[in-house]
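Novice: Predicted coordinates and the sequence they were generated for:
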Amino acid sequence: MSGKTSQDRLRRLEDRLIEEGLRLTEKEENTLEDVNRLIEIKVERDHLELVANLDQAARIAILMLSALVVIMLAIIIIIVLLFMNTGSWTKTGIVLLAVPFSLIGAFGLLWLLDYNMSVAVWVGIIALAGVDAETGVIMLLYLDLAYEDAVKDGRMRTWDDLKVAIHQGAVQRVRPKLMAVGTTFIGLLPIMWAATHESGADVMKRIAAPMVGGLITSFIGVLVVYPAIFALWKWYGDMKEGRKIPEYHEVKR
């Protein structure tokens, strides 16, 4: 039974129930047949309401399952693309660390705006994951470039040398990272200011809301957490707790 047909039948039963109730109140004496007719209409209405509710619950369950499948596929595709770009599972994991920080801002803004979870919200979260991967790759790229330049110049011997290289890669490259995040952020703000009565505004706001909130916390997390994790990875990995590493030209031979 389609949803529209079920709603039409339910509406007709409600009208009949009201008519029977008014007719019984106008009569001086009600027979057993009148009462049974009223009970039958109420039972049929309750049964139809139950069927309609079960049908709606089934549709919601199928929709959520489909959304979950799409989200998992999106995550897998993002991970594969990141690995193809970086060539390292460690770097891929570091880039994916931006996702928890972005989810904090995304769900925080959804809570402030009193938005419930919906398909549009999940679409925004999937898009946010892609933006997180973009900003994370940019940060990791500059950290890698600064580290390799220091190794090439023979300036990577101690913990202080590593901190200087990371400072150069993270702090002195804030402008391009800010531009990458800012262009997306500024492009989404007009959607949040759109009037509710405009066509499609409700859906677009729920797509943009998790992206706007997630970009703020993700950008902070990328600037604060990425350099620290990168430093620990290089210190305990490539530098072997401060032991001298080969110079760049020696590694290339």
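Specialist: Received, thanks.
Novice: so what pLDDT did residue 12 get?
Specialist: At residue 12, the model reports a pLDDT of 64.
Novice: Kindly report the same for the one 4 residues further on.
Specialist: According to the prediction, residue 16 has pLDDT 62.
Novice: switch to numbering from 20
Specialist: Renumbered: residue one is now 20, and that last one reads residue 35.
Novice: wait, doesn't residue 109 sit right on residue 252?
Specialist: Yes - judged on C-beta atoms under 8 Å, residue 109 makes contact with residue 252 at a distance of 6.4 Å. Bear in mind the C-beta positions are built from the backbone N, C-alpha and C, glycine included.
Novice: More neighbours: those two, which one.
Specialist: Taking other C-beta atoms under 10 Å, residue 109 and residue 252 do not tie; residue 252 has more neighbours (17 against 12).
Novice: For that one, what is the enclosing helix or strand?
Specialist: Using DSSP states H and E, residue 252 falls within helix 220-255.
Novice: One more: residue 199?
Specialist: Assigned by DSSP H and E, residue 199 falls within helix 193-212.
Novice: Quick check: which ranges of the stretch 120-269 of the chain have low pLDDT?
Specialist: The stretch 120-269 of the chain contains residues with pLDDT under 70 at 191-192, 215-217, 258-269.
Novice: change it to 50
Specialist: Residues of the stretch 120-269 of the chain meeting the criterion pLDDT under 50: 261-263, 265-269.
Novice: Can you report how many residues lie near residue 256?
Specialist: Residues near residue 256, counting by other C-beta under 10 Å, number 10.
Novice: My error: substitute residue 74 in the last question.
Specialist: Residues lying near residue 74 (other C-beta under 10 Å) number 14.
Novice: The helix holding residue 252 to helix 193-212, inter-axis angle?
Specialist: For helix 220-255 against helix 193-212, the angle by axes from the mean of the first three to the mean of the last three C-alpha atoms, to 10 degrees is 160 degrees.
Novice: who does helix 220-255 touch, helix- and strand-wise?
Specialist: Helix 220-255 makes packing contacts with helix 108-115, helix 117-132, helix 138-171, helix 178-189, helix 193-212 when contacts are defined by 3 or more C-beta pairs under 8 Å, 6 or more residues apart in numbering; DSSP states H and E.
Novice: Reformat those as JSON lines; add distance to residue 98.
Specialist: Shown next, in JSON lines, are those (distance: least, C-beta to C-beta, whole Å):
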{"stretch": "helix 108-115", "distance to residue 98": "6"}
{"stretch": "helix 117-132", "distance to residue 98": "11"}
{"stretch": "helix 138-171", "distance to residue 98": "9"}
{"stretch": "helix 178-189", "distance to residue 98": "24"}
{"stretch": "helix 193-212", "distance to residue 98": "21"}
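Novice: How about the helix holding residue 252, which residues are buried there?
Specialist: Within helix 220-255, the residues that qualify as buried are 223-238, 240-242, 244-246, 249-250, 252-254, counting by 16 or more other C-beta atoms under 10 Å.
Novice: which residue packs closest to the residue sitting nearest the centre point of the chain, ignoring adjacent ones?
Specialist: Central residue check for the chain by C-alpha atoms, centre = their mean: the C-alpha nearest the mean position is that of residue 144, 1.9 Å away. Leaving out its chain neighbours, the residue that sits closest to residue 144 by C-beta to C-beta, 6 or more residues apart in numbering is residue 229, at 5.0 Å.
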